[in-house]
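**Q** here is the input, now give the coordinates:
(2 chains)
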Amino acid sequence: NAGVTQTPKFQVLKTGQSMTLQCAQDMNHNSMYWYRQDPGMGLRLIYYSASEGTTDKGEVPNGYNVSRLNKREFSLRLESAAPSQTSVYFCASSEVEGSQPQHFGDGTRLSIL
Amino acid sequence: EDKVVQSPLSLVVHEGDTVTLNCSYEVTNFRSLLWYKQEKKAPTFLFMLTSSGIKKKSGRLSSILDKKELFSILNITATQTGDSAIYLCVRGGGFKTIFGAGTRLFVKA
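**A** Down below sits the predicted model:
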């Protein structure tokens, strides 16, 4: 019963480096989401995928790209990391397409120096 | 403006106390209001409220929604140290879901 699995759990990058955050869910959910959580702010949606084969921008997409590789996997890529992207990133999923997220991964804590 | 405001931002209580967490929102057209508990890692779902005046209850936790006054409250009775967490109020709306910043609750033994 893994639910939503994110890797890595922690990462430190230098400004300008690139990296991909991985997310996989084993619940056969249709929709998947990437959020970032910053101190004093609620989770903000970066990108989402309503269903396999589709992706759309959320509230704060700049500086990120995503890939819905298959129904299970939804990755988030930072092409050229910036200190403003230091945050905790959560992947989430929901069974019903377009509904609010039900299950969250444990998060990736990303620091950019 | 479409936002969710939670109060207080943080709260320290003693075991056995009762706490009330507040959530107000500014958009009337939405499907549901949700509460999550976030301990060290992933938020976990507590309640989903869709109708005014109907109290949802799970053990020592309960929540109610007032769609007319645009707020919700989460009550925790007989608090325990395990209740220490950030409580997130969320205005549901599929891909337009809006999260509040959360109330950080610390329960002292």
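**Q** mind pulling up the pLDDT for residue B:15?
**A** Residue B:15 carries a pLDDT value of 97.
**Q** can you name the residue of chain B nearest chain A?
**A** residue B:99 (3.2 Å; Cβ to the nearest Cβ). Backbone N, C-alpha and C define where each C-beta goes, glycine included.
**Q** tell me the contacts of that residue?
**A** Residue B:99 sits next to A:35, A:42, A:43, A:44, B:4, B:88, B:89, B:90 when contact means Cβ atoms under 8 Å, 6 or more residues apart in numbering or on different chains.
**Q** among those, which has the minimum pLDDT value?
**A** The member of the contacts of residue B:99 with the lowest pLDDT is residue A:42, at 84.
**Q** residues contacting the closest residue to residue B:99 other than its chain neighbours?
**A** Here the nearest residue to residue B:99 in space, its sequence neighbours aside, is residue A:42; by Cβ to Cβ, 6 or more residues apart in numbering or on different chains that works out to 3.2 Å. With contact taken as Cβ under 8 Å, 6+ apart, residue A:42 is in contact with B:4, B:88, B:90, B:98, B:99, B:100, B:101, B:102.
**Q** could you identify the most distant pair in the residues you listed?
**A** Pairwise distances across those (Cβ to Cβ) peak at 12.7 Å, for the pair B:98 and B:102.
**Q** helix, strand, or coil at the residue of chain A found nearest chain B?
**A** Closest residue of chain A to chain B, Cβ to the nearest Cβ: residue A:42 (3.2 Å). Three-state assignment for residue A:42 (DSSP: H, G, I helix; E, B strand; the rest coil): coil.
**Q** the more surrounded of residue B:98 and residue B:102?
**A** residue B:102 (27 against 22; other Cβ atoms under 10 Å in any protein chain shown).
**Q** tell me the contacts of residue A:27?
**A** Applying Cβ under 8 Å, 6+ apart, the residues near residue A:27 are A:3, A:4, A:93, A:95, A:103.
**Q** show me the shaky parts of chain B.
**A** Scanning chain B for pLDDT under 70 picks out B:1, B:28, B:94.
**Q** and the strands in it?
**A** B:4-7, B:10-14, B:19-25, B:32-38, B:43-49, B:56-58, B:61-66, B:71-76, B:85-92, B:98-99, B:103-108 (DSSP state E).
**Q** tabulate those (a markdown table), appending distance to residue A:71.
**A** As requested, those are exported to a markdown table (distance: least, Cβ to Cβ, whole Å):
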| stretch | distance to residue A:71 |
| --- | --- |
| strand B:4-7 | 30 |
| strand B:10-14 | 40 |
| strand B:19-25 | 32 |
| strand B:32-38 | 24 |
| strand B:43-49 | 22 |
| strand B:56-58 | 31 |
| strand B:61-66 | 33 |
| strand B:71-76 | 33 |
| strand B:85-92 | 23 |
| strand B:98-99 | 25 |
| strand B:103-108 | 35 |
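**Q** so residue B:49 is in contact with residue B:32, correct?
**A** Yes. Using Cβ atoms under 8 Å, residue B:49 is in contact with residue B:32, at 6.5 Å.
**Q** quick one, which of those two is more surrounded?
**A** residue B:49 (21 against 18).
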